[in-house]
Structure formats: C-alpha cells, structure tokens
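S.K.: just the structure for this:
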Amino acid sequence: MLLTLSCDDDPADDVQLPEISHRVIMTSQMDFENKVNLNDEITFGDVSVGVVSRTWTFPEGVANISGSENNTTSSEDIVQAFFTQLGDHEVKLHQTFQSSAYVGTEQRGTELDTTIVVRVLGNIGANLSANLLNSDGSVGEALTIGDNSRNEIMAGSTVRYSITTTGEPENYNWSFEGGDPTTSTEVVEELDVKYKKLGEYGFGFSANRARPEGGYELTYTNLVKIIPSTEPVTLDAIEATADGNIGLNFSREMEPTTIDMTNFSVSLANAGVEIPATIASVEVDPNEGNIVVISLENDRVYNDDTAIVSYTAGDLTTTDAYPAESFTDLPVVFKGNNILNNGTYDYSFENSTAANWPYQWWGAPWDAYNLEISTAQAQDGESSALIEFDPNGGMIIAHTDTSGAAIPFTVEEGKTYEVGVWVYVETLSEPDTGTLFAPDLRFYWAPNTDWGVAPNPAFTSDFALNQWVYSSFLTDFGGVAGDFTLSIRGYNQDNSTVTRFYMDNLSISEAVLRP
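M.R.: From the prediction side, this is the model:
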C-alpha cells in the first residue's frame, strides 16, 4: 500500500500553539518620569501579548481623552490624553489575559493591575526677595525689588538673595553685577553675595528644565547702589593667581594711589629651603578693584612653595578712605580649576545630605563619629559638613549618589594635583591615650591608593581655632589617567575627648611645581 501526503496536507498545520501572554506597557514620556506640561499630550500604549480585555482608568476631572466623550475610562490599546490639572495623577490599567502573563521573566497571573503616575507641571516661574546681612550674620533689612530701585548698601556688605520657583526647574543661572561671586549655577534657594566695589549694579536669574521644556528669566537693572562704608576694611583671602602672582582680596575696593610696595614683604620656601623673594610691583587689579596683586622679581609662586605675606600699615586705604590694617605671616592659598566641580561631586556641601556622605564600613573605631550638613558655618556658600569625632573614635566616609555609588572625578596622566580642604575647628584637645597621635584627616583615593598619604590636616595642639584654615597636599594619583574616587578618614583614637570641626570646599586642582 502506498500512502502519499502532499505539503498542503501537513498535519502540523492543524496544531494550535498556545500564545504566550506578556505584559508590555509604554508611555510617550516613560524615559522622562512621565512628566508633562499642563494641557500637553501624553500617549499610553498597551502593546502586551495575549490581552483579552483592558480598561484604562483616569482620575475624575483631570484629563481629556483624545477622540472620546468619556474622559475617565478607555478600552483602546493606544490612548492619548491631555491633563488639565497640575500635580501627580494616577492612571490605572486593568488587563485580562488568555493565560498567565509574564512580567519580565516572571508569570503573574491572568489579571494584572498597573498604576502609572503622571506628573503635570506648570510654567516655570520665579520670585525674588533679598535682605542685607548684619555684621553678625543675622538677616537684616529687606531690599526693594525692582528696576532702578538702587538700594543703598555700604561697600563690604553682604546681601542674601532668596529665590522661590514654580514648575520644577532643573538648572539655575545667577548673575550678580559687581558682586562676589559674579555668577553661580547652584540650584539653591539662597545665595550670599558680597559687594566690594562702588557703583550701581543689576541682578539676573534664569531657570529652565530640559523635559518638558520650559524656562523663565528675570532681570533688574540698578537693583543696588554700593556706597562708601564706615566699617573697617578686611582682608578676605590671599590667593595665588593663575600666573603665579599673589592676590590680596580685600572686602572692598582699594585706592591705587595709596600703595607703597615697601610696606609689603613676601617669604618663599620649598622643601624647607628658603628662596630669596623680591617684590617687583604691587598694583590694584584693573578688573577687580578690591584685589591688590603682588608680583615677584623674575620669579613666581609655585604650588609646592610655602609662601608667606606680611603688610605693615602705611598709606594703603580703600577708595572711600578707610585704612588697611597690618597683617603678619599669612599663608598664600592656591585656588586653581577644581576638577571636583564636575556637576556631580558636591565639593561644597551645598546640594547633598548626610546620606550622600555615608560610613564606609571599616569597623571600629572608624564608625565612632557624627556628620551632618550645617548652615552654622560655611567657608563659601551656605553650607558645610559639621563633623564630631567621638572620644577615641574615628571616621571613614565617601561621597555617593542616591544609588550608593561613589561619585568619581577624572585626572590626567603625568600631572600633579593639589588636594585641598577648608576646616573650621571648634573643639580640640591634645591626645592623652594610646600612641598620642594628634587627630587628623586623610584623603585616600582608589584605585592606586597611597595608604601612606600624610594628614590633611593634622589637628595639632597649636591648630588655629574658630577660624577657617586651608590645608593641602600634592599627589599624582599614581601617575595614571582615569576615574578615581575619594574616601575621607578621620582619626581621634588617641583622644578621650570630642574633636569637633566644620569641613568645606574640597578641591583637587592641577599644580604647577617649582622647576
């Protein structure tokens, strides 16, 4: 018997393979946290496999469903909606599948419920207020906000600008004519600005977000008028300039005709060896009238130098005729391009919480400390880290993002960097137990960790209290390029008392070394 089967009679054609149910839900804004502008469209899509029925449910009175007279429910696979109310709104989807549906790699059943939260944002807006700060740092008189208001402020005074925004902007740009700083991109509600130069100055602020796109800008011309002061002039900082000169940063503008360079002296040393230093000129910076620039004869200041400046009171006065006071043996601080200012590392403690500076699980005694973000003291900006080492305790912390990952910075091969920190010590005593080592901070990097790195700083018994002090060290991070992370270790194991201090403005900047 001969049996002949044609291709058209293949029995496999009659086999009914079961369709696998799989939940797949999408929105047109899913990559942007489902944020939309008020009255803008968002599309919901149910592209699941094996769906028998579905019901989308929208909150009552907050959305209009495109092409439908019913604005609360829909059974369509693709739904377009316009939200008419600000805030967070829950859109629910109920699905029935022909078989137990997969969600990812896990089967969840034949009936599934999903909630999608849509955030509806309004237009970006901003409102400004400002107050003069009193000499003790307390908030003083409010400024009148408006074009040509010309609020009279004495030179050397500080104004606290406060901004209130709507619409959840992501980026800020501040502009302070005649102020210090002159600009800022910090996303904060308050910024303190010091005015040192006489004149009339405006204010600018803009805020924006990328998605959903939006922005706002406000400007005020002649908002402040800086007038002569009756307060003493102060020396706010002594910093090396990019070309190796020394900049004396006074609290207000200095009168160029009152400079006598014989009243100034500079001492240099490198690796403990004194270097003869002769002053070539002392001049007011033509662009920043509150900065007096000291230039050296046939030399400059290098990062690995120890540079000391003194001034004996003479004729030097401000432009409003207030005399500068003497100062003796003040160190020069190097302020280069801080590579920690990379948009993610909160080197100045302005945009992070204590949770972003967590303990790194070294065990005792490195867990015996307390850290909080404080506004009681700040070397710059509004905030710093307040740290207390417990008696016979210590600390080990790192800077992490919200996922707990250490935030990196990038260095270049063959370059030397200066790692700096500002500290304000309130409570300190001499070591009285164990090996009698002084409390200290040490900065460890990874990879290529140098476990023998020196203290930065060591809190010795003669350490200056109740004032901001800068400390730094030099390193090449092992001579290799790449991404590195920092851990900060604190030591108080040999002290039976608390060590308490503020830490601010961490920096890593390229160093120029003496040849």
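S.K.: pLDDT wise, what is the residue sitting nearest the centre point of the chain at?
M.R.: Centroid-nearest residue in the chain, with Cα atoms, centre = their mean: residue 346, separated by 3.7 Å. Listed pLDDT for residue 346 reads 96.
S.K.: how about residue 291?
M.R.: 95.
S.K.: who's it bridged to?
M.R.: Beta bridges link residue 291 to residue 249, judged by DSSP bridges.
S.K.: now do residue 92
M.R.: residue 57, residue 115.
S.K.: do I have it right that residue 237 meets residue 334?
M.R.: No - applying Cβ atoms under 8 Å, one finds residue 237 not in contact with residue 334, separated by 11.5 Å. Quick note: C-beta positions are derived from backbone N, CA and C, even for glycine.
S.K.: the two: which has the busier surroundings?
M.R.: residue 334 (22 against 17; other Cβ atoms under 10 Å).
S.K.: contacts only, for residue 108.
M.R.: 23, 100, 101, 102 (Cβ atoms under 8 Å, 6 or more residues apart in numbering).
S.K.: same question, residue 38
M.R.: So residue 38 contacts 83, 84, 85, 86, 120, 121, 122, 123 (Cβ under 8 Å, 6+ apart).
S.K.: just name the closest of the residues you listed to residue 392, please.
M.R.: Distance ranking of these against residue 392, using Cβ to Cβ, places residue 121 first at 51.6 Å.
S.K.: if the closest residue to residue 182 other than its chain neighbours is in a bridge, with which residues?
M.R.: Spatial nearest neighbour of residue 182, excluding adjacent residues (Cβ to Cβ, 6 or more residues apart in numbering): residue 176 at 5.7 Å. Beta bridges link residue 176 to residue 203 when assigned by DSSP bridges.
S.K.: hang on, isn't residue 176 packed against residue 194?
M.R.: No - taking Cβ under 8 Å as the definition, residue 176 is not a contact partner of residue 194, at 9.4 Å.
S.K.: out of the two, which sits in the more crowded spot?
M.R.: residue 176 (23 against 18).
S.K.: ok, now how distant is that one from residue 183?
M.R.: Going from residue 176 to residue 183 by Cβ to Cβ, to the nearest Å gives 7 Å.
S.K.: go on, residue 45?
M.R.: 44 Å.
S.K.: what's the domain layout of the protein?
M.R.: 25-121, 125-227, 235-334, 354-510 (automatic domain parsing).
S.K.: out of those, nearest to residue 340?
M.R.: That would be, of the domains of the chain and by Cβ to Cβ, domain 354-510, which comes in at 5.4 Å.
S.K.: what sits against residue 200?
M.R.: So residue 200 contacts 150, 222, 224, 225, 226 (Cβ under 8 Å, 6+ apart).
S.K.: mind redoing it with 6 Å?
M.R.: Counting by Cβ atoms under 6 Å, 6 or more residues apart in numbering, residue 200 touches 222, 225.
S.K.: same thing with residue 500?
M.R.: Taking Cβ under 6 Å, 6+ apart as the test, what residue 500 contacts is 388, 426, 427.
S.K.: now the residues you listed: which count as buried?
M.R.: residue 388 (16 or more other Cβ atoms under 10 Å).
S.K.: what's the closest of the contacts of residue 500 to residue 154?
M.R.: residue 426 (29.9 Å).
S.K.: bridged to the closest residue to that closest one other than its chain neighbours, which residues?
M.R.: Distances taken as Cβ to Cβ, 6+ apart put residue 500 closest to residue 426, at 4.9 Å, once the chain neighbours are dropped. When bridges are called by DSSP bridges, residue 500 pairs up with residue 388, residue 427.
S.K.: what's the per-residue pLDDT of residue 500 here?
M.R.: 98.
S.K.: compute the distance between it and residue 383, please.
M.R.: Residue 500 is 17 Å from residue 383, by Cβ to Cβ.
S.K.: residue 133 now?
M.R.: For residue 133, the distance to residue 383 - Cβ to Cβ - is 16 Å.
S.K.: contacting residues for the nearest residue to residue 389 once chain neighbours are set aside?
M.R.: Distance criterion Cβ to Cβ, 6+ apart; nearest residue to residue 389, sequence neighbours excluded, is residue 492 at 3.5 Å. Shown in contact with residue 492 (Cβ under 6 Å, 6+ apart): 389, 393, 394, 439, 499.
S.K.: tell me where the model's unsure across the stretch 51-200 of the chain.
M.R.: For the stretch 51-200 of the chain, applying pLDDT under 70 flags no range at all.
S.K.: ok, back up a step: out of the contacts of residue 38, which sit inside strands?
M.R.: 83, 120, 121 (DSSP state E).
S.K.: hmm, the first one is touching residue 61, no?
M.R.: No - with contact defined as Cβ atoms under 6 Å, residue 83 does not count as touching residue 61 (10.7 Å).
S.K.: quick check: pLDDT value at residue 203.
M.R.: 98.
S.K.: from residue 167, how far off is it?
M.R.: 20 Å.
S.K.: tell me which other helices or strands the helix or strand containing residue 483 touches.
M.R.: Taking DSSP states H and E as the criterion, residue 483 maps to strand 482-491. Packing contacts for strand 482-491, counted by 3 or more Cβ pairs under 6 Å, 6 or more residues apart in numbering; DSSP states H and E, involve strand 394-398, strand 440-446.
S.K.: and the strands in the stretch 1-150 of the chain, which stretches?
M.R.: Applying DSSP state E, counting those that start in this stretch to the stretch 1-150 of the chain gives strands spanning 25-27, 35-37, 41-46, 51-57, 63-65, 73-74, 78-83, 87-103, 106-121, 125-133, 139-142.
S.K.: same question for the stretch 401-515 of the chain.
M.R.: Going by DSSP E, counting those that start in this stretch, the stretch 401-515 of the chain shows strands at 409-411, 417-427, 440-446, 468-475, 482-491, 499-510.
S.K.: could you dump the ones you listed to CSV with distance to residue 211?
M.R.: As requested, the strands of the stretch 401-515 of the chain are arranged in CSV below (distance: least, Cβ to Cβ, whole Å):
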stretch, distance to residue 211
strand 409-411, 27
strand 417-427, 36
strand 440-446, 35
strand 468-475, 40
strand 482-491, 27
strand 499-510, 31
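S.K.: of those strands, which is nearest residue 359?
M.R.: That would be strand 482-491 among the strands of the stretch 401-515 of the chain, by Cβ to Cβ, at 10.6 Å.
S.K.: contacts for the closest one?
M.R.: Here strand 482-491 has contacts from 360, 389, 394-398, 406, 408, 410, 439-446, 477, using Cβ under 6 Å, 6+ apart.
S.K.: rounded mean pLDDT for it, please.
M.R.: Rounded mean pLDDT across strand 482-491 is 98.
S.K.: sheet-wise, list the partners of that strand with their directions.
M.R.: Strand 482-491 is paired, per DSSP bridges, with strand 394-398 (antiparallel), strand 409-411 (antiparallel), strand 440-446 (antiparallel).
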